[in-house]
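Q: One predicted model, sequence on top.
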Amino acid sequence: TYTLLSAQEERCLFMWLQQIVNGLTIGVVYALLGMGFSMVWATARTLNFATGAVYTTGSFLVFVVAVVLGVGGGTQVLPVLLAILALGMLLGVILGYLLDRGIFRPLRNVEMAPLFASMGVGIALENVYVFIFGPRPTVVQVSGARSFYQIGSASVTLTQIIILILSVLLMAALHMLLKRSAMGRAMRATAWDRTAAQLKGIDVNKVIALMFMIVASIGVVAGSFVGLFYGIMDPYMGLSVSIKGLAAAIFGGFGNIPGAIVGGLIIGILEAFGAAVTTSGNWQDVFAYAILILVIVFRPQGLFPERTQRGD
């Protein structure tokens, strides 16, 4: 009997497949956050450092929904998922609107002020979660979330499949919104030249407010994906993940949304393989940031430079 691969080669192949799946699962989360950073930069020319707290909001939303619906038996992952998607989008819209009206619009013409104000909001929300849920990680396991499909020695959980499919759908929907809708054209015009967009009759304040609502919704949903997959909610989890999202935006080319998607996927895969090679999750960040530093040093404009000019 002849086989194409030896047993050792087959195990190696499935190990690679496993890490690619794991990397893509967390990579799409980084990509979603990177898209948010890129959209805020392209449209409002600032950074939103409340992204980490918004992401954490989505994670704790999983806990709240799971407790309300109950997770003690049966395959509960689908109703929990549908509930967190609906509530996550609504909560994201509210948070995005409040961030725009409370911070970014009043401080829009004050250099660096929105950036530091958003950091303050992020810290405040972080402390709210510590007060409500405590400083220690909260654990909740949704029934059915960890069920898996075996592919040789590699396994893919139901939650990973759902995260990948929904993330692709979200990215496709956002692409269609930006490229095919009137609001998308208004967003691109605002990103290209804010003054010219106003002269053309575009309500720039409305466009930027909508952008913040979309970005916050994406952040909440991304956090809910991770909360559902890992089953661990930590009040401090948003900081490191938001840095990875910012790294994805820089990696791909700041302000370039497709570039942020590619950057997020690359960072996620690098992390997965880094953890596999070192057999420890403590070193996975080293691989991702080492590549990022090389990109910044040798190609500071990123892999796909932004094609818009400053929209003042």
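A: In hand now; what should we look at?

Q: Could you pull up the residues touching residue 65?
A: 80, 83-84, 87 (C-beta atoms under 8 Å, 6 or more residues apart in numbering). Using the backbone N, CA and C atoms, a C-beta is placed for each residue, glycine as well.

Q: would you put the C-alpha positions of the helix or strand hosting it in PDB?
A: Assessed by DSSP states H and E, residue 65 sits inside helix 51-69. These are the backbone C-alpha positions of helix 51-69, laid out as PDB (Å, rounded to 0.1, in the frame of the first residue of the first chain):
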ATOM      1  CA  THR A  51     -11.900  50.900  21.100                       C
ATOM      2  CA  GLY A  52     -10.500  48.500  23.700                       C
ATOM      3  CA  ALA A  53     -13.300  49.300  26.100                       C
ATOM      4  CA  VAL A  54     -15.900  49.000  23.400                       C
ATOM      5  CA  TYR A  55     -14.500  45.600  22.600                       C
ATOM      6  CA  THR A  56     -14.600  44.600  26.200                       C
ATOM      7  CA  THR A  57     -18.300  45.600  26.300                       C
ATOM      8  CA  GLY A  58     -19.000  43.000  23.600                       C
ATOM      9  CA  SER A  59     -17.300  40.300  25.600                       C
ATOM     10  CA  PHE A  60     -19.300  41.000  28.800                       C
ATOM     11  CA  LEU A  61     -22.400  41.200  26.700                       C
ATOM     12  CA  VAL A  62     -21.900  37.500  26.000                       C
ATOM     13  CA  PHE A  63     -21.900  36.800  29.800                       C
ATOM     14  CA  VAL A  64     -25.000  38.900  30.300                       C
ATOM     15  CA  VAL A  65     -27.000  37.300  27.500                       C
ATOM     16  CA  ALA A  66     -25.800  33.800  28.400                       C
ATOM     17  CA  VAL A  67     -27.000  34.300  32.000                       C
ATOM     18  CA  VAL A  68     -30.300  35.700  30.900                       C
ATOM     19  CA  LEU A  69     -31.000  32.900  28.400                       C
END
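
Q: Which positions in that helix come out as buried?
A: 51-66 (16 or more other C-beta atoms under 10 Å).

Q: Now do that helix, average pLDDT.
A: Here helix 51-69 scores 87 as its mean pLDDT.

Q: Leaving out sequence neighbours, find the closest residue to residue 191.
A: Among residues not flanking residue 191 along the chain, residue 42 sits closest, at 4.1 Å (C-beta to C-beta, 6 or more residues apart in numbering).

Q: no no, residue 113
A: Per C-beta to C-beta, 6+ apart, closest to residue 113 is residue 107, 4.2 Å.

Q: that older thread, what distance separates the helix holding residue 65 from the centre of its chain?
A: 14 Å (C-alpha atoms, centre = their mean, to the nearest Å).

Q: and residue 218, what helix or strand is that in?
A: helix 204-230.

Q: Give me the buried positions along whatever helix or strand residue 26 lives in.
A: Assigned by DSSP H and E, residue 26 falls within helix 7-44. Across helix 7-44, burial judged by 16+ other C-beta under 10 Å covers 14, 17-44.

Q: so where's the stretch 201-312 of the chain uncertain?
A: 278-284, 287-288, 306-312 (pLDDT under 70).

Q: Tell me which stretches of it form helices.
A: 204-230, 237-252, 257-278, 284-298 (DSSP state H, counting those that start in this stretch).

Q: how about those in a markdown table, adding mean neighbour count?
A: Shown next, in a markdown table, are the helices of the stretch 201-312 of the chain (neighbours: other C-beta atoms under 10 Å):
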| stretch | mean neighbour count |
| --- | --- |
| helix 204-230 | 24 |
| helix 237-252 | 25 |
| helix 257-278 | 22 |
| helix 284-298 | 15 |
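
Q: Leaving out sequence neighbours, find the closest residue to residue 27.
A: In space, residue 27 is closest to residue 268, 2.2 Å off (C-beta to C-beta, 6+ apart).

Q: Relative to the whole chain's centre, how far out is the helix or strand harbouring residue 191?
A: Under the criterion of DSSP H and E, residue 191 resides in helix 182-192. Offset of helix 182-192 from its chain centre (C-alpha atoms, centre = their mean): 22 Å.

Q: Give me the helices and strands touching the helix or strand containing residue 131, please.
A: Per DSSP H and E: residue 131 is located in helix 113-133. Packing contacts for helix 113-133, counted by 3 or more C-beta pairs under 8 Å, 6 or more residues apart in numbering; DSSP states H and E, involve helix 51-69.

Q: Return the set of buried residues in whatever helix or strand comes next after the helix it packs on.
A: Counting by DSSP H and E, the next helix or strand C-terminal to helix 51-69 is helix 77-99. Neighbour counts over helix 77-99 (16+ other C-beta under 10 Å) mark 77, 80-81, 83-85, 87-89, 91-93, 95-96, 99 as buried.

Q: Please apply the same query to stretch 101-119.
A: Neighbour-count burial for stretch 101-119 [16+ other C-beta under 10 Å]: 103-105, 107-108, 114, 117-119.
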